[in-house]
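Asker: Got a sequence here, can you model it:
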Amino acid sequence: MQWSKPKAPKSAADKAPSVLPVTAAEEPDGFFALLLNTATKDEGEDFLDYSFPSESKGLQAILPMKGVLLASCGIMMSAVGQAVNFFVFRSLDGRQEFKVSMRRVERWVLCIAPSLLLL
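Answerer: This is a model prediction of the structure:
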C-alpha cells in the first residue's frame, strides 16, 4: 500500500491545530513498535517493556496512549469474543490518523504502527 506525502501548508495561518504533534511529513517512512506487558502490575509500575525507535517524535506522541491500546484489547475481547488485530485512531479534527496492528505474544501485546498520517 502506498501513502502519498502531504503537502506542507503555505503559512502558519493555513495550518490547522492538530491533536497529534507529529505529521507524516516529519517522519515519512517510520514505524513504531511497543511491547506492552499484560501481567498484573502494582500501581505506578510501567507496563511498557520495550519501544522503538526511542528518539522518534511520533513514538513520544503516542506513548501516552499505551494504556488505551492495552485496555482496548481486553474491552474488545470481552465485547466480541475475539482478539483485536487492528485499530485506527483519528484526531478530533479528522486530519490525522494513527493505525496500529496488535498481536498477543505470550504475556505481551506487540503494537506495530506506521508514522502518523495526514488525511
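
Asker: Where does Ala71 sit: helix, strand or coil?
Answerer: The assignment at Ala71 comes out as helix when based on DSSP: H, G, I helix; E, B strand; the rest coil.

Asker: count of residues packed around it?
Answerer: By other Cβ atoms under 10 Å, 10 other residues sit near Ala71. All C-beta atoms are positioned from the backbone trio N, CA, C, and that covers glycine.

Asker: quick one: it and Phe98, what's the gap?
Answerer: Separation of Ala71 from Phe98 (Cβ to Cβ, to the nearest Å): 16 Å.

Asker: Go ahead and confirm Ser56 touches Ala33.
Answerer: No. Counting by Cβ atoms under 8 Å, Ala33 is not a contact partner of Ser56; they are 10.1 Å apart.

Asker: what about the strands in the chain?
Answerer: 31-37, 48-52, 86-90, 96-105, 108-114, 117-118 (DSSP state E).

Asker: Save the ones you listed as CSV, and put in distance to Met65, mean pLDDT and mean neighbour count too.
Answerer: Formatted as CSV, the strands of the chain follow (distance: least, Cβ to Cβ, whole Å; pLDDT from 0 to 100; neighbours: other Cβ atoms under 10 Å):
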stretch, distance to Met65, mean pLDDT, mean neighbour count
strand 31-37, 9, 89, 18
strand 48-52, 11, 91, 14
strand 86-90, 7, 83, 14
strand 96-105, 8, 85, 16
strand 108-114, 9, 87, 19
strand 117-118, 15, 48, 18
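
Asker: how about a markdown table for these, with distance to Lys66 added?
Answerer: Shown next, in a markdown table, are these (distance: least, Cβ to Cβ, whole Å):
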| stretch | distance to Lys66 |
| --- | --- |
| strand 31-37 | 6 |
| strand 48-52 | 6 |
| strand 86-90 | 12 |
| strand 96-105 | 11 |
| strand 108-114 | 8 |
| strand 117-118 | 20 |
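
Asker: Which one, of those strands, ends up nearest to Val80?
Answerer: With Cβ to Cβ, the closest approach to Val80 among the strands of the chain belongs to strand 86-90: 13.2 Å.
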